[in-house]
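Undergrad: A structural model of the following input is requested.
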Amino acid sequence: MNKKSGFTLLEVLVVLVLVSLISMLLMQGLGFVLQLRTQFVNQIDDLQQGALQEYWFRSSVRSLFPAGKETNHVFTGDKQSLSGLTMASIHEEAGTPTPFKWALLPQKDKTILYYYPDLIKQPKQKWPIMEWFGKEGQFQYLSADGRWSETWPPTKFEQATQLPEAILFTAKRRQHKLQWLVSIIGVKEAPIPINQRFEF
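TA: As a prediction, the model looks like this:
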């Protein structure tokens, strides 16, 4: 009598259970890998965005240019905002003195750093650059004698150049304290107009 070859019901059930377990482990592993990838991509995007934000702020502040006193763009600053002329605006070609402004505006439970690109034609136009939860955030200004002030020109000092030596921006990123210290290059006072240089 010929015996029929094949799997018994118990063997089939065992195989199905093993395949199910392997599939479940593979799906869990795949989900974990996808989760790690998403977190990694988000962190890379955050780092790139943070680097761009820092570059915009540093380049515009480092290239501050002293304005003539006959203009409306002499540098001024307080804890919440600063404005003046920069040679490295984030929206114009570098090398041209351009009026600009940085400002911190609290909104409900967060604070937003805004950039004002056109103080002449559209003074109310502003671009949100970065934001964080909380009310922390301020600008501080360093004088030539090494003293910090919350306003510029400083009210406590009798004499001060039009531009400070450096500006310190304090904020938060992902609930961690953030500080950007930017030294200002170049002259700190407006140049003498050509028609006044040779007066006797």
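Undergrad: unless I misread the structure, residue 169 falls within a helix.
TA: No. Checked against DSSP: H, G, I helix; E, B strand; the rest coil, residue 169 lies outside a helix; its state is strand.
Undergrad: run the chain-centre distance for the top helix by length along the chain.
TA: Selection of the longest helix in the chain by residue count, based on DSSP state H, yields helix 9-62. Distance, stretch centre to chain centre, for helix 9-62: 26 Å (C-alpha atoms, centre = their mean, to the nearest Å).
Undergrad: tell me how far the helix or strand following it lies from the chain's centre.
TA: Tracing the chain C-terminally past helix 9-62 and defining elements by DSSP states H and E, one meets strand 64-65 next. Averaging C-alpha positions (C-alpha atoms, centre = their mean) puts strand 64-65 19 Å from its chain's average.
Undergrad: going forward, count from 24.
TA: Noted, 24 is the first residue going forward, which turns the last one into strand 87-88.
Undergrad: tell me the first helix or strand C-terminal of strand 87-88.
TA: strand 99-100.
Undergrad: for the helix or strand that comes right after that following strand, what is the average pLDDT?
TA: Later in the chain than strand 99-100, the nearest helix or strand by DSSP H and E is strand 104-109. Predicted confidence along strand 104-109 averages 94 (mean pLDDT).
Undergrad: same question for stretch 212-223.
TA: Rounded to a whole number, the mean pLDDT of stretch 212-223 is 51.
Undergrad: and if you look at stretch 35-54?
TA: For stretch 35-54, the mean per-residue pLDDT is 85.
Undergrad: next, the angle strand 104-109 makes with the longest helix of the chain.
TA: In this structure, helix 32-85 runs at an angle of 70 degrees to strand 104-109, with axes from the mean of the first three to the mean of the last three C-alpha atoms, to 10 degrees as the basis.
Undergrad: tell me what helix 32-85 is packed against?
TA: Helix 32-85 is packed against strand 104-109, strand 121-130, strand 133-139, strand 150-156, strand 189-196, strand 199-206, with contacts defined by 3 or more C-beta pairs under 8 Å, 6 or more residues apart in numbering; DSSP states H and E. Placement of C-beta: from N, CA and C, glycine included.
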